[in-house]
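Asker: Mind folding the following:
(2 chains)
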Amino acid sequence: GEDVEQSLFLSVREGDSSVINCTYTDSSSTYLYWYKQEPGAGLQLLTYIFSNMDMKQDQRLTVLLNKKDKHLSLRIADTQTGDSAIYFCAEVRGKLIFGQGTELSVKP
Amino acid sequence: DVKVTQSSRYLVKRTGEKVFLECVQDMDHENMFWYRQDPGLGLRLIYFSYDVKMKEKGDIPEGYSVSREKKERFSLILESASTNQTSMYLCASSRGMRGQSPLHFGNGTRLTVT
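Answerer: The predicted model follows:
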């Protein structure tokens, strides 16, 4: 399809792992990004991955890239209430194209 | 750290008013963008600029115009505000080649048109 797709909602318990999934469209995208948006704020760059990588780890965050399926995921280990936010994936297609965002709700 | 500053967090305007949304970045970025964000519709690109005095239409430019007289400043103009322009407006900037570096966002301006 034409759109970058994400599930709209995800709910987890504090301390669990969260996995946010994204399907992108352009297999030639050189970079793929994850952004976080807290309530009332703009988007904050969380992490990104180059298309020649399969995985990137940064503290509690793990990004997995499956180029064959054009699938990107963000895993947050030991999820905390402060991780509650909307998470956007984005691909480069001449310009940045964003998914609709996944709202992560973390319950104590 | 890159700082993108939007002049207002909240604005309330009347239908038909001319509205200016201002955005300033302090990292000498070439590229600047205006998005609007609406529930269920995600981020939609209104206009962008890759250089001073240059502008290009995004996906939803109707009812908007922009101005980039200086590299650090990118203004979004609603010539005659309408209620369907009530939204969260996000400004962003990036450096270098198009799409090849991440966008840095301001905190947004929530505009209400009554």
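
Asker: got the residues of chain A near chain B?
Answerer: A:30-31, A:33, A:35, A:40-45, A:48, A:88, A:92-96, A:98-101 (Cβ under 8 Å from any Cβ of the partner chain). The C-beta positions use only the backbone N, C-alpha and C, and glycine is treated the same way.

Asker: which residues in chain A form strands?
Answerer: Secondary structure of chain A (DSSP state E): strands located at A:5-6, A:9-13, A:18-23, A:31-37, A:43-50, A:55-58, A:61-66, A:71-76, A:85-93, A:95-98, A:102-107.

Asker: so can I have CSV of those strands showing mean pLDDT and mean neighbour count?
Answerer: Shown next, in CSV, are the strands of chain A (pLDDT from 0 to 100; neighbours: other Cβ atoms under 10 Å in any protein chain shown):
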stretch, mean pLDDT, mean neighbour count
strand A:5-6, 94, 20
strand A:9-13, 97, 13
strand A:18-23, 97, 19
strand A:31-37, 94, 22
strand A:43-50, 93, 18
strand A:55-58, 95, 12
strand A:61-66, 96, 17
strand A:71-76, 97, 20
strand A:85-93, 92, 23
strand A:95-98, 86, 22
strand A:102-107, 96, 17
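
Asker: what does chain B have sitting close to chain A?
Answerer: B:4, B:6, B:40-43, B:45, B:48, B:90, B:92, B:98-100, B:102-108.

Asker: Show me these that map onto strands.
Answerer: B:4, B:6, B:42-43, B:45, B:48, B:90, B:92, B:104-105.

Asker: Mind giving me the ChimeraX select for these, buried ones only?
Answerer: This is how ChimeraX selects the buried members of these, with burial counted by 16 or more other Cβ atoms under 10 Å in any protein chain shown:
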select /B:4,6,42,43,45,48,90,92,104,105
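
Asker: Out of the ones in strands among the residues of chain B next to chain A, which is nearest to residue B:75?
Answerer: Within these, the smallest distance to residue B:75 is 10.7 Å, found for residue B:6 (Cβ to Cβ).

Asker: give the contact list for that closest one.
Answerer: Contacts for residue B:6 (Cβ atoms under 8 Å, 6 or more residues apart in numbering or on different chains) come out as A:42, B:21-23, B:89-91, B:106-109.

Asker: For those residues, which entry has the maximal number of neighbours?
Answerer: In terms of neighbour count, residue B:91 stands highest of the contacts of residue B:6 at 28 neighbours, by other Cβ atoms under 10 Å in any protein chain shown.

Asker: Would you enumerate the residues in contact with residue B:3?
Answerer: B:25-27.

Asker: just checking, residue B:56 touches residue B:46?
Answerer: No - contact criterion Cβ atoms under 8 Å: residue B:56 and residue B:46 do not qualify, at 10.6 Å.

Asker: of the two, who's got more company?
Answerer: Each of residue B:56 and residue B:46 has its neighbours counted (other Cβ under 10 Å); residue B:46 has more, 23 against 13.

Asker: how close does the residue lying closest to the more buried one once chain neighbours are set aside sit to residue B:22?
Answerer: Distances taken as Cβ to Cβ, 6 or more residues apart in numbering or on different chains place residue B:34 nearest to residue B:46, at 4.5 Å, with adjacent residues excluded. For residue B:34, the distance to residue B:22 (Cβ to Cβ, to the nearest Å) stands at 11 Å.
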